[in-house]
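A.B. asks: Sequence plus predicted model, see below.
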Amino acid sequence: MRRLPDQGRGSLAVSVSGRQGAGRVSAGALPGSSVVNGGALTAPAGGASVPADGPQRRSGGAVLFEHIAIVGATGAVGREFLHLLGGRGLGDRRVTPLASGRSAGSVVEVAGRAVAVAELREDSFEGVDLAFFSAGSAVSRRFAPAAVEAGAVVVDNSSAFRMEPHVPLVVPEINPHAARGHRGIVANPNCSTIILAVAVWPLHRACRVRRMVVSTYQAASGAGAAAMAELQSQARDVLAGRTPHPRVLPFPIAFNLFCHDSPIDETGYNTEEVKMVDETRKIFGEPSLAITATCVRVPVLRAHSESINLTFERPVHADEARAVLEAAPGLRVVDSRDPQHFPMPIEASGVDPVLVGRIRQDLSRPDGCGLELFVCGDQLRKGAALNAVQIAEWLERQA
């Protein structure tokens, strides 16, 4: 089977259970809805349960996506895609790794099999059912339409189509139903947006958030495999007493941090900060939600951290919020005050859930409507490849 049937938009109650022991709760209410019980926060009501750790075969054992292409297969996110396919029951599918001519002929591993990388061309998608794109927006704009024309469903990890009105922007724990209305392309949000949204959405459903103030501490992996290698080489240089010379990033990253180096517009916000604002509003279905962000690159390999300040429409107690977060899909609460143990990028690296902790009242809000959180999430997994794979799994279950 090559194409998904056309389906109308609508709400869907769907439970998603995290691979790391997260509970099952409904994540499929329409954006902007709330769950209030006697004025207290409650975990969302449960819906039809579907597992989040791999696809489920349809009746008769058929699968929708028999042939999967990965565009950008030799990059950091591309390699994470290859790793995830083998671990989530997709390794038995036909997988075609695609990359630029420079990488063509190299060999990657898919579920224990050595597979040669092919050069990406407009005719690379003949017979492909599903194409994951993670090679930058220019590549997506050029080749994604060719993939769709050939009959593939595209899940695109770049910024090329995210804010197009007709392209769904999906986080499966939040708005999986939006993917039903796709026209061949489903957009994967920005990494920092996904990590923010997974943590804030359960609270927003329980009691509407009026304003978010976010500061990010973003890993080198967000700038690609070459930036990760540069962080490692610069750390060795500094420890050996040598002066580091940046080549990939604009400034030394070892033992340093700097504001995210994406272009700055006339407002003074950089592109990464604007993405967090615009994408979160689209995912939540809240076009006027007040959000501001400051994005910073830090010397961490692959997990982003975020400090989040929330203002709610009514008072929210930290204990109520903690209970909602503990029940929410895609999250793991790490919030021990004695002994102190809170989210750390070293513990978020290589795992699926977003870690959330430092759950406390905002003392600058005597009305009780403010809350503080600190979150960490793997930029390559939930921030990129895992979210895209979960979108594909959801689409396959609906067919």
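C.D. replies: Yes, it's here. Numbering: from 1, shown residues only.
A.B. asks: buried stuff in stretch 350-366?
C.D. replies: Residues of stretch 350-366 classed as buried by neighbour count (16 or more other Cβ atoms under 10 Å): 351-362. No exception for glycine: its C-beta is placed from N, CA and C like everyone else's.
A.B. asks: Leaving aside the residues adjacent along the chain, what's closest to residue 396?
C.D. replies: Nearest non-adjacent residue to residue 396, counting by Cβ to Cβ, 6 or more residues apart in numbering: residue 64, 4.5 Å away.
A.B. asks: sorry, that was for residue 279
C.D. replies: residue 193 (4.3 Å).
A.B. asks: pretty sure the residue nearest to residue 396 contacts residue 397?
C.D. replies: No. Here residue 64 does not reach residue 397: they are 9.0 Å apart, not a contact under Cβ atoms under 8 Å.
A.B. asks: what's the closest of the buried residues of stretch 350-366 to residue 325?
C.D. replies: residue 356 (5.5 Å; Cβ to Cβ).
A.B. asks: partners of the host helix or strand of that closest one in the sheet?
C.D. replies: Using DSSP states H and E, residue 356 sits within strand 354-361. Strand 354-361 has the following sheet partners, assigned by DSSP bridges: strand 331-333 (parallel), strand 370-378 (antiparallel).
A.B. asks: winner for burial among the ones you listed?
C.D. replies: Mean neighbour count (mean count of other Cβ atoms under 10 Å) peaks for strand 370-378 among these, with a mean of 25.
A.B. asks: What's the mean pLDDT across it?
C.D. replies: Across strand 370-378, pLDDT averages out at 98.
A.B. asks: Over to stretch 298-305?
C.D. replies: Confidence for stretch 298-305, expressed as mean pLDDT, is 98.
A.B. asks: just how off-centre is it within its chain?
C.D. replies: Chain-centre distance of stretch 298-305: 15 Å, with Cα atoms, centre = their mean, to the nearest Å.
A.B. asks: can you check stretch 360-371 too?
C.D. replies: 28 Å.
A.B. asks: My guess is the residue nearest to residue 279 contacts residue 277. True?
C.D. replies: No. Contact between residue 193 and residue 277 fails when scored by Cβ under 8 Å: they sit 9.0 Å apart.
A.B. asks: Let me see the confidence value for the residue nearest to residue 279.
C.D. replies: Listed pLDDT for residue 193 reads 98.
A.B. asks: ok, it - how many residues close by?
C.D. replies: 25 (other Cβ atoms under 10 Å).
A.B. asks: how close does it sit to residue 252?
C.D. replies: In this structure, residue 193 and residue 252 are 27 Å apart, going by Cβ to Cβ, to the nearest Å.
A.B. asks: Then residue 208?
C.D. replies: 42 Å.
A.B. asks: likewise residue 313?
C.D. replies: Applying Cβ to Cβ, the value for residue 313 to residue 252 is 44 Å.
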